[in-house]
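*Asks:* need a 3D model of the following:
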Amino acid sequence: MRFLAVITTLLVFSAASMVADEIPPPFGFRWNDPASRVEKILKGAKAKIVERQTQNGQEVWTVEGLIHPGLKRTLFTFKASALSQVELQYEYPDWTLEHYNSRMGEVRRYFDSKYGTGRLISRSRDNDTDVIQTLVGYQWVVGKSALELFYFSAQKESNVYRNITVTYKAI
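*Replies:* Next up, the predicted model:
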């Protein structure tokens with residue numbers, strides 16, 4: 001009887017750790033949520049699907065109106081009508097480079113504390129044209145899910161575009 005109790009306890013903890021061994025998508029969604037459920041929740045949040053397109057056999061929705069500081073748009077990707085990726089695109093028009101650097105550091109430290117040390121997957125600066133482009137990216141992989149954090153900037157003289165992108169992926 002004691003052996004059965006130990007096995008049951010181990011199975012419960014094992015199942016609980018399997019559930020915790022992934023990076024869930026944001027906004028309370030779950031991987032493989034049907035597109036109909038995602039759309040219903042987005043409508044309830046008064047967010048607007050401004051574009052629907054098919055890319056590489058996947059459906060991609062561009063959504064605006066989700067309330068989060070600096071969030072410009074969110075891309076929801078579906079494979080076979082099941083949620084497989086969520087990309088959050090943040091833009092802060094009045095921020096300086098120092099503000100962006102500080103925010104990237106904060107977000108990276110937060111994800112490091114939750115998912116372990118992220119891996120640098122991109123660091124490039126292109127000065128070969130009249131538009132200077134910078135890209136820095138980190139990745140965390142937990143179980144069958146991944147999280148990527150990118151900073152991108154493009155500058156031509158006094159015109160500057162910068163954004164921070166956080167992408168949640170089921171892999």
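*Asks:* where in this protein is pLDDT low?
*Replies:* Low-confidence segments of the chain (pLDDT under 70): 1-20.
*Asks:* show me the helices in it, by range?
*Replies:* Ranges of helices within the chain are 2-20, 35-44, 97-115, based on DSSP state H.
*Asks:* what residues are up against the residue lying closest to Lys144 once chain neighbours are set aside?
*Replies:* Nearest in space to Lys144, with sequence neighbours left out and distances taken as CB to CB, 6 or more residues apart in numbering, is Ile171 at 5.5 Å. The C-beta positions use only the backbone N, C-alpha and C, and glycine is treated the same way. Neighbouring residues of Ile171 by CB atoms under 8 Å, 6 or more residues apart in numbering: 141, 144-146.
*Asks:* got it, and Phe152?
*Replies:* Taking CB under 8 Å, 6+ apart as the criterion, Phe152 is in contact with 133-135, 162-165.
*Asks:* what about 7 Å?
*Replies:* Each residue near Phe152 by CB atoms under 7 Å, 6 or more residues apart in numbering is listed here: 135, 162-163.
*Asks:* likewise for Ser81?
*Replies:* Here Ser81 is in contact with 34-35 (criterion: CB under 7 Å, 6+ apart).
*Asks:* next: the one 3 residues further on.
*Replies:* With CB under 7 Å, 6+ apart as the criterion, the residues that contact Ser84 are 77-78, 170.
*Asks:* who's Ser145 bridged to?
*Replies:* With DSSP bridges applied, Ser145 shows beta-bridge pairing to Val142, Ala170.
*Asks:* pretty sure it sits against Asp21.
*Replies:* No - between Ser145 and Asp21 there is no contact, the gap being 8.7 Å when judged by CB atoms under 7 Å.
*Asks:* more neighbours, these two?
*Replies:* Ser145 (18 against 11; other CB atoms under 10 Å).
*Asks:* returning to that earlier point: tell me which of the contacts of Phe152 is nearest to Leu97?
*Replies:* Arg162 (7.5 Å; CB to CB).
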